[in-house]
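1. Output the structure for:
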Amino acid sequence: MSLADHQAAIVRMKNEEGDQEQDDLAPSGTFPWRIVNFSNLKIGKHASNIFTIGGTKWQLSMYLTGDDKSLGKHLALYLGVANAHDLPPGWTLFAHFRLTVVNQLDINKSVTKPTKGIQREFDADKNDWGFKAFMPLSELYECSAGYLLNDICILKAKVDVPLKIEDQGSNVSVTTESSKKEHERPEPNVDSMQAPDSSPATKAAYIELIPPLQDAPGSDNSAISSTVPSVVQDVAEVPTNPTGKLIDFMGFGKIERAFVPLLEEVCSVHPSLIECQRRRGRSITQCAFQTLGELLHFLKTTKIKDMTQETCEHLQTLWEDLEIFKFDLAWLEPHVQSALAMKKLLEKARKVKRMREDVEGLVNEKKRRALALAVTEMDLEAAKEDLSKEEEGFTVIDMETELGYGMS
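-> Down below sits the predicted model:
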């Protein structure tokens, strides 16, 4: 089963019947928490069943009145490491996640809050991250809103965690997975929450390798016109999807093999990319070039027609991730912003196409009606001629006149 098929199966599962049957080592996954009789829940903390993604056991927890009275009555929602007390001292791990309250009437109105650009670090001191004011309870309980249907509430957690690399000597994570809906800097209500039963723990080193835009149709970039100039057009035979194989890049760390030729090209033109990273630790430079490589790979393999809402958000997150590494990317920003603008351009193109089709339809209708009118005029002239022939020798008589019988 592919990772995509596996994640699709997870979404369909409900957590009411024990633990989730998912691949424990899958680097990303979605966990649905379906809560029945929601209105009967008591005030306080409520926790989901434990689920496993990326070899880590997770758990969702919520507070119906929030955990900060100053914010008013809100739903507070958190993602936490469920087995923190079982992990060795000094443990730490990184993850992107986004939490969602599903709108069961209109999925587009679901409320989603992601980790915005920067991954979260979970450790013994902060093993829970989330939102103390996820959404107002008044909105959640509104009957017509769609968040409670038949007294059932559905929460979801989309988690992307690092993959384990045995030969890494330090905790390393490359922040590359796109988050959904929002792309601002972290807000004050993105908070950590200490679980009562947590204790110190440790984990092996990690590096996150989330593949970008798995459904990109090919490496041919000819569809990208001069409107979206590519900075990596001259690199030939770039794999559409990352290979999963890591190779050393100029001593800065192990990088996805598909990204290396792209990095070599831009670094040869912009040597400052190398110079600004020389004094930094290997773990940081590895993260930096992995993220830069993924963004370049995205621009190389993604076509204009593929710039949907989701892919735009993916690109936006990659761009925000690069900011923490202090690259001088003034040369790259116009290309990124141009690519991000493609969604609006595509929407306008589709609108123009629909309007053109409407105009063509009206023109055809006009032609049809003009032809019908011409035929009607011909029929009218023929009818007039027939009438004229019939009227020859015809005398108009008074229809009220008696027939009579010749006696008066």
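
2. Mind listing the strands the helix or strand encompassing Lys158 pairs with, and their directions?
-> Using DSSP states H and E, Lys158 sits within strand 153-160. Here strand 153-160 is paired, per DSSP bridges, with strand 28-35 (antiparallel), strand 92-101 (antiparallel).

3. shaky segments in the stretch 101-250 of the chain?
-> Residue ranges of the stretch 101-250 of the chain with pLDDT under 70: 116-118, 162-240.

4. With the stretch 301-408 of the chain instead?
-> 408.

5. Do you have the helices of the stretch 301-408 of the chain handy? List them.
-> 309-323, 333-340, 342-391 (DSSP state H, counting those that start in this stretch).

6. In a markdown table, list the strands paired with strand 153-160 along with mean neighbour count.
-> Yep, even glycine has a C-beta here, placed from its N, CA and C like the rest. Shown next, in a markdown table, are these (neighbours: other C-beta atoms under 10 Å):
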| stretch | mean neighbour count |
| --- | --- |
| strand 28-35 | 21 |
| strand 92-101 | 24 |
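
7. so which of those comes closest to Glu402?
-> strand 92-101 (91.7 Å; C-beta to C-beta).

8. just the helices of the stretch 301-408 of the chain: most buried one?
-> Across these, averaging neighbours per residue (mean count of other C-beta atoms under 10 Å) puts helix 309-323 on top, at a mean of 20.

9. what's the angle from it to helix 333-340?
-> 160 degrees (axes from the mean of the first three to the mean of the last three C-alpha atoms, to 10 degrees).

10. need the strands paired with strand 153-160 in a markdown table with distance to Glu400, can you?
-> Compiled in a markdown table, the strands paired with strand 153-160 are given as follows (distance: least, C-beta to C-beta, whole Å):
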| stretch | distance to Glu400 |
| --- | --- |
| strand 28-35 | 87 |
| strand 92-101 | 85 |
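
11. looking at these, which is closest to Pro334?
-> strand 92-101 (26.9 Å).

12. following that closest one, which helix or strand shows up next?
-> Past strand 92-101, the next helix or strand by DSSP H and E is strand 111-114.

13. ok, that following strand: who's next to it in the sheet?
-> Partners of strand 111-114, by DSSP bridges, with direction: strand 92-101 (antiparallel).

14. Look up how far Leu99 lies from Trp129.
-> Using C-beta to C-beta, to the nearest Å, one gets 10 Å for the distance from Trp129 to Leu99.

15. for Ala370, same thing?
-> In terms of C-beta to C-beta, Ala370 sits 60 Å off from Leu99.

16. circling back: out of the helices of the stretch 301-408 of the chain, the one nearest Gly90 is which?
-> Nearest to Gly90, of those and by C-beta to C-beta, is helix 309-323 at 25.8 Å.

17. Check which helices and strands that closest one sits against.
-> The contact analysis (3 or more C-beta pairs under 8 Å, 6 or more residues apart in numbering; DSSP states H and E) places helix 309-323 against helix 282-301, helix 333-340, helix 342-391.

18. Relative to the whole chain's centre, how far out is that helix?
-> 10 Å (C-alpha atoms, centre = their mean, to the nearest Å).

19. As PDB, could you dump the C-alpha coordinates of that helix?
-> Provided in PDB are the C-alpha atoms of helix 309-323 (Å, rounded to 0.1, in the frame of the first residue of the first chain):
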ATOM      1  CA  GLN A 309      -4.800  26.200  -3.200                       C
ATOM      2  CA  GLU A 310      -2.900  23.300  -1.600                       C
ATOM      3  CA  THR A 311       0.200  23.600  -3.700                       C
ATOM      4  CA  CYS A 312       0.300  27.400  -3.200                       C
ATOM      5  CA  GLU A 313       0.200  26.800   0.500                       C
ATOM      6  CA  HIS A 314       2.900  24.300   0.200                       C
ATOM      7  CA  LEU A 315       5.100  26.800  -1.600                       C
ATOM      8  CA  GLN A 316       4.300  29.500   0.800                       C
ATOM      9  CA  THR A 317       5.400  27.400   3.800                       C
ATOM     10  CA  LEU A 318       8.600  26.400   2.100                       C
ATOM     11  CA  TRP A 319       9.400  30.100   1.500                       C
ATOM     12  CA  GLU A 320       8.600  30.900   5.100                       C
ATOM     13  CA  ASP A 321      10.800  28.000   6.400                       C
ATOM     14  CA  LEU A 322      13.800  29.400   4.500                       C
ATOM     15  CA  GLU A 323      13.600  32.700   6.400                       C
END
